[in-house]
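dropping a prediction and its sequence here:
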Amino acid sequence: MAEIKLQNVVKKYGQLEVVHGIGLDIAHNEFVVLVGPSGCGKSTTLRMIAGLEEISDGTISIGPQVVNELPPRKRNISMVFQNYALYPHMSVRENLGFGLKIAKQPEAVVADRVREAAEILGLEELLERTPAELSGGQRQRVAMGRAIVRHPEAFLFDEPLSNLDAKLRVQMRTEIKKLHQRVKTTVVYVTHDQVEAMTLADRIVVMKDGWIEQVGTPMEVFNHPLNTFVASFIGSPPMNLIDAQITGDKIRLSDGTHLPVPERLENHVREGQEVVFGLRPDDLTPQGHGIAENGHRASVELTVELAELLGTETILYTRINGSEVLGKMFDPRDVSPGERMTFNISLDKVHLFDAQTQKSVRLG
Amino acid sequence: MSSALKKRIGKAVTWALTFLLMLIICMPGLWVVLTGFRPNREVLAKPAVWIPEELSLNNFAQIFGFGAEQVAIPVPAYFTNSLIIALTSTAIAILIGMSGGYAFARFRFRFKDGIFLGLMLSRTVPGIALSLPVFMIWSRIGLIDTKPGLIIVYVALNIPFTIWLIDGFFRQIPKEMSEAAQVDGCTRWQAFWKIEFPLARSGIASAAIFAFLTSWNEYALASQLTRSTDSKTLPVGLMDFTAQFTIDWAGMSAMAVIIIVPALILTFIVQKHLISGLTFGGVKG
């Protein structure tokens, strides 16, 4: 259990800078998820925390200690790798106990801790098998077991679920969450899957091109994205982003539709400002098929081009001035392509971003 | 003709051809072994005696200096030389090959590709082409007719191949293995010996066998660089059986058997490693 602090951390490969001076404070027992598209520097950041990559500039500390110069083994962290990295020539028992043996713990302690970890993860039956004899999910569990036996200061997860099939991934996601609740420890978790980030994190760190775009709780990041990148990256299907302009107290969308500027944003926009109008598909719903149809609303007529049935809801593909816009129909009925429908827009959920900076107008 | 019969005939023909081919390949070897157990007069008999009438260990006894008749060739000394030279050069080549292979597989350094290419290109030079310069240098510095002289040559001969083979094996082991071990508390050195080395063992073993067999069987260079019982190896010693006007075929064959047997035994013991060593990369791990 320890806090992890990153201050102005830079990573360069030769002339190429891939992480540009990021700062992040991770609290005791906090579950922090670094999320972003591939190449955004999230894995590199994790590997710098682990000590597997050198830090080009800045400081990283774990607990009270600056760890910049410490090798991985002296950082008292454990890590779960994407490909599990189980030792193929050792049984599950040996894999779990390896770290403790290296640390020259007495046999009895090793046996105890291995039993404890096996119990937590349901590995008792598998202890004598080798990794080759395990299924994907079981290997994943052994990798987590190997991480918890050493009672480290922090767990680092590097895309641990990306090699599993969809069903198992959801199951293991829950197990990781449960594990964190049971073994209270600081966790830094890297993924490119925003659903994993939303479901697991106490706080999400959204990264892009070596910069941190936003840090916040899942709800903050979802409800108040600071820029268009976060807005489109978090949430599925992604937020609709439509070019617009402020004229008077109206937002004029690129197709000419006028919508009132929501009260809470009135003071943040100026006349004539070019903006990006953001609206989640959940907030663009056909009349009679929304979640809560109170609050400020506006309505637009749109033609449905395609309906994607998901069971409890249907995703409706429409178009505003040539660009694709998605809506959601809750409690769905059959919709045929080409049907014209009246959609409600929840004005309370509208996001506005400055067209030039791509940042939320609330920031300006 | 029914198709089942056709199939059986086809199969029979295949087997017959395979047998014939194997016979052609194995015949010389078998003949050498057989000759090693027959007396010279039977070997040289005219007309040829195809089916051996007399098999004995006399030739071997003579070579090793037992019994009444003795051959004036110091086979035990040659055997010892061969063993010392092959084992030492293999050990050194493997040590260097392991370090080099690991470095090529894991580290990034300047001129890496160039150095690797250079190593591989050195294999394209036939060893015998270097025998004259090596002979001249060795005679200057007094390494002619010494075991170290031959050991150095064999190490140089074997290193490119061992580096190449072992590099491939380390490449196959995900680098996360070593990283996981380091996070688990190992130094890089410990991570190597506890995780990466055991996983690359079959590759290292097959590299060792190849290096050993190369040194054990090498004739051309050894015949130039050795003179006496101080350093002569078994393959060179074979030529001792040829006198000006006669060749002791039976003795020579017996000695050939002595050369073949250790190599054969070794290959059988490590067969499994050898196969996995040569098919690496072909199977998804």
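The structure has been received and is ready for your questions. Residues are numbered from 1 along each chain as shown, chains lettered A, B, ... in the order given.

my read is that B:Glu54 contacts B:Arg41, right?
No. Between B:Glu54 and B:Arg41 there is no contact under C-beta atoms under 8 Å: 9.2 Å. Backbone N, C-alpha and C define where each C-beta goes, glycine included.

what residue spans form the domains of the chain?
By default, I'm working from chain A. For chain A, automatic domain parsing gives the domain ranges A:4-233, A:240-363.

not quite, I wanted chain B
Domain ranges of chain B: B:3-58, B:75-278, per automatic domain parsing.

mind telling me what element B:Gly29 is part of?
Under the criterion of DSSP states H and E, B:Gly29 resides in helix B:3-36.

so A:Arg252 sits in a strand?
Yes. With DSSP: H, G, I helix; E, B strand; the rest coil as the criterion, A:Arg252 is located in a strand.

run a quick neighbour tally on whatever residue of the stretch 101-250 of chain A ends up closest to chain B.
At 4.1 Å from chain B, A:Ile102 is the closest residue in the stretch 101-250 of chain A, using C-beta to the nearest C-beta. A count of neighbours around A:Ile102, defined by other C-beta atoms under 10 Å in any protein chain shown, yields 18.

got the phi/psi numbers for it?
phi -60, psi -40 (degrees, to the nearest 10).

quick one: contacts for it?
Neighbouring residues of A:Ile102 by C-beta atoms under 8 Å, 6 or more residues apart in numbering or on different chains: A:Arg73, B:Asp184, B:Gly185, B:Cys186, B:Gln190, B:Lys194.

for the helix or strand hosting the fifth one, buried residues please.
Using DSSP H and E, B:Gln190 sits in helix B:188-191. Taking 16 or more other C-beta atoms under 10 Å in any protein chain shown as the neighbour-count basis, helix B:188-191 is seen to contain the buried residues B:Gln190, B:Ala191.

what helices or strands is that helix leaning on?
In terms of contacts (3 or more C-beta pairs under 8 Å, 6 or more residues apart in numbering or on different chains; DSSP states H and E), helix B:188-191 is packed against helix B:175-183.

helices and strands around the helix it packs on, which ones?
Going by 3+ C-beta pairs under 8 Å, 6+ apart, helix B:175-183 lies up against strand A:77-80, helix B:188-191.

need those in CSV (columns: distance to A:Asp283 and mean pLDDT).
Output for those, formatted as CSV (distance: least, C-beta to C-beta, whole Å; pLDDT from 0 to 100):
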stretch, distance to A:Asp283, mean pLDDT
strand A:77-80, 37, 94
helix B:188-191, 52, 92
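
to A:Gly97, which of these lies closest?
Nearest to A:Gly97 among these is strand A:77-80; the distance by C-beta to C-beta comes to 13.4 Å.

does chain B sit close to that closest one?
Yes. Judged by C-beta under 8 Å from any C-beta of the partner chain, strand A:77-80 and chain B are in contact via A:Ile77, A:Ser78, A:Met79.

A:Pro71 touches B:Cys186, doesn't it?
No. Contact criterion C-beta under 8 Å: A:Pro71 and B:Cys186 do not qualify, at 9.5 Å.

dead centre of chain B: give me the residue that sits there.
B:Leu213 (1.0 Å; C-alpha atoms, centre = their mean).

can you say which helix or strand has it in it?
Using DSSP H and E, the element containing B:Leu213 is helix B:201-217.

same deal with B:Gly251?
Following DSSP H and E, the helix or strand that holds B:Gly251 is helix B:249-269.

who touches that helix?
Helix B:249-269 is contacted by residues B:29, B:32-40, B:43-44, B:59-60, B:62-63, B:71, B:73, B:75, B:79, B:82, B:209, B:212-213, B:216-217, B:234-235, B:237-238, B:241-242, B:274 when judged by C-beta under 8 Å, 6+ apart.

state the distance from A:Tyr84 to chain B.
Distance, A:Tyr84 to chain B, using C-beta to the nearest C-beta, to the nearest Å: 8 Å.

now swap in A:Thr257 and tell me
Separation of A:Thr257 from chain B (C-beta to the nearest C-beta): 52 Å.

thought that residue was touching A:Val300?
Yes. The criterion here is C-beta under 8 Å, and A:Thr257 meets it with A:Val300 at 5.7 Å.

shared neighbours, those two?
By the contact definition C-beta under 8 Å, 6+ apart, A:Thr257 and A:Val300 are jointly contacted by A:Ile320.

helix, strand or coil: sort out the residue in the stretch 1-150 of chain B positioned nearest to chain A for me.
At 9.8 Å from chain A, B:Arg108 is the closest residue in the stretch 1-150 of chain B, using C-beta to the nearest C-beta. Here B:Arg108 is recorded as coil under three-state DSSP.

A:Val19 too?
Using three-state DSSP, the structure places A:Val19 in strand.

if we can go back for a sec, of A:Pro71 and B:Cys186, which one has the most company?
Applying other C-beta under 10 Å to A:Pro71 and B:Cys186 shows that B:Cys186 carries more neighbours, namely 24 against 15.

so what's the more buried one up against?
By C-beta under 8 Å, 6+ apart, B:Cys186 lies in contact with A:Arg73, A:Ile102, B:Lys194, B:Ile195.

most neighbours among the residues of strand A:77-80 next to chain B, which one is it?
Ranked by the number of neighbours (other C-beta under 10 Å), those place A:Met79 first, at 30 neighbours.

so that residue touches A:Leu156, yeah?
Yes. Look at A:Met79 against A:Leu156 with C-beta under 8 Å: they come within range, at 4.3 Å.

what is in contact with these two at once?
Common neighbours of A:Met79 and A:Leu156, counting by C-beta under 8 Å, 6+ apart, are A:Leu46, A:Ala50.

tell me which parts of chain A are close to chain B?
Within reach of chain B by C-beta under 8 Å from any C-beta, chain A has these residues: A:50-52, A:71-73, A:77-79, A:81-83, A:85, A:87-89, A:98-99, A:102-103, A:146, A:150.

centre-most residue in chain A?
In chain A, the centroid-proximal residue (C-alpha atoms, centre = their mean) is A:Ala197; its distance is 2.7 Å.

could you list the buried residues of the helix or strand in which that one is found?
Taking DSSP H and E as the criterion, A:Ala197 maps to helix A:194-200. Applying a neighbour-count criterion of 16+ other C-beta under 10 Å, the buried positions in helix A:194-200 are A:Gln194, A:Glu196, A:Ala197, A:Met198, A:Leu200.

so what's the second one up against?
For A:Glu196, the set of contacting residues under the criterion of C-beta under 8 Å, 6+ apart consists of A:Val33, A:Val35, A:Leu161, A:Arg169, A:Arg173, A:Tyr189.

just say helix, strand or coil for the third one.
Under three-state DSSP, the three-state class of A:Leu161 is coil.

I figured it hits A:Gln171, correct?
No. Contact criterion C-beta under 8 Å: A:Leu161 and A:Gln171 do not qualify, at 9.6 Å.

more neighbours: which of these two?
Per other C-beta under 10 Å, whichever of A:Leu161 and A:Gln171 has more neighbours is A:Leu161, with 24 against 13.

nearest residue to the residue nearest to the centre of chain B in space, ignoring adjacent ones along the chain?
Nearest residue to B:Leu213, sequence neighbours excluded (C-beta to C-beta, 6 or more residues apart in numbering or on different chains): B:Ala263, at 5.7 Å.

so which residues of the stretch 201-350 of chain A form helices?
Here the stretch 201-350 of chain A has its helices, by DSSP state H, counting those that start in this stretch, at A:218-223, A:228-233.
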